[in-house]
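Participant: please find the sequence and the predicted model below.
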Amino acid sequence: MSPADIALILVAAFAGGVLNAVAGGGSFLALPALITAGVPAVSANATTALALWPGSVASTLAYREDLDQEKQLRVALAITSIAGGIGGALLLLGTSNASFLRLLPWLMLIASVMFTFGGAIARRLGAVTHGPRSSRATAIACGLQLVIATYGGYFGGGMGIMMLAYLAAIGMTNIHAMNGLKSLLAVIINGVAIVAFVVDGAIAWRPGLIMIAAAMSGGWIGARVARRVPVRAVRVLVMIVGWSMTAYFFWRAYYR
């Protein structure tokens, strides 16, 4: 990698860590930066999961007190997340770089749509849900989590808001408990996927380790300044980046 490539992934990982701490969407920067720096697409996706994983762990620890709630649901969804995360990772490892580059704009589109409109969907679902959660609702949640975890092991962009949406739909109302559970499940999904990526040799270690350090620094700074920055403004910035990257990868895959 050239000095310019190293500088690019450093800046992208740092900024991605800041964004994840404030509003989410760090993968919109980290993944394109790795591909631009010459890392093959499948390896870039696996390396992005590794680079941003410590930030997810930190978020989960921040919500550890809220994780005392919903123990039965948490265990069921955790088991489902392990299965889905491994399945998604194996699907990714079985995808060629060329095929992944053609799928990537569609995956970015899903992530951009969920980031832009997912909050409104989650609030709407929460507004129309009443009454205690049934065992049927828990079973439906596990089915949805299996799909989301498989998607997360394969790509992962936007999966957090997908989880918040269905957690609201099954009757959870405590946003801190929801965020804590969402963060824990994301750690599990990405964690088992990373194990599969490491065993397969899909991680680009040199840029990955550089990005881990930069993303952790960005996350630490982002967490400290989050209260001083208008979250709405940051979300608008992430939306602009997400939709711009989506348009770029559509052009790269189909029109270049």
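Facilitator: All right, it came through fine. Numbers count the residues shown, from 1 in each chain.

Participant: list the helices and strands the helix or strand encompassing Leu167 packs on?
Facilitator: Secondary structure from DSSP states H and E places Leu167 in helix 159-169. Helices and strands in packing contact with helix 159-169 are listed as helix 97-128, helix 135-154, helix 175-200; criterion 3 or more C-beta pairs under 8 Å, 6 or more residues apart in numbering; DSSP states H and E. (Glycine included, C-beta is placed from N, CA and C.)

Participant: hmm, try it at 10 Å
Facilitator: Using 3 or more C-beta pairs under 10 Å, 6 or more residues apart in numbering; DSSP states H and E as the contact criterion, the neighbours of helix 159-169 among helices and strands are helix 71-93, helix 97-128, helix 135-154, helix 175-200.

Participant: tell me the angle the third one makes with helix 159-169.
Facilitator: Same thing as helix 135-154. 180 degrees (axes from the mean of the first three to the mean of the last three C-alpha atoms, to 10 degrees).

Participant: buried ones in helix 135-154?
Facilitator: Along helix 135-154, these residues count as buried under the neighbour rule (16 or more other C-beta atoms under 10 Å): 137-138, 141-142, 144-146, 148-154.

Participant: tilt between that helix and helix 175-200?
Facilitator: Going by the same axes, to 10 degrees, helix 135-154 makes 40 degrees with helix 175-200.

Participant: quick one, what contacts the residue lying closest to Ser27 once chain neighbours are set aside?
Facilitator: With sequence-adjacent residues excluded and distances taken as C-beta to C-beta, 6 or more residues apart in numbering, Ser27 is closest to Gly157, at 5.1 Å. Gly157 makes contact with 24-28, 31, 45, 48, 104, 107-112, 114-115, 151, 242, 245-246 under the criterion C-beta atoms under 10 Å, 6 or more residues apart in numbering.
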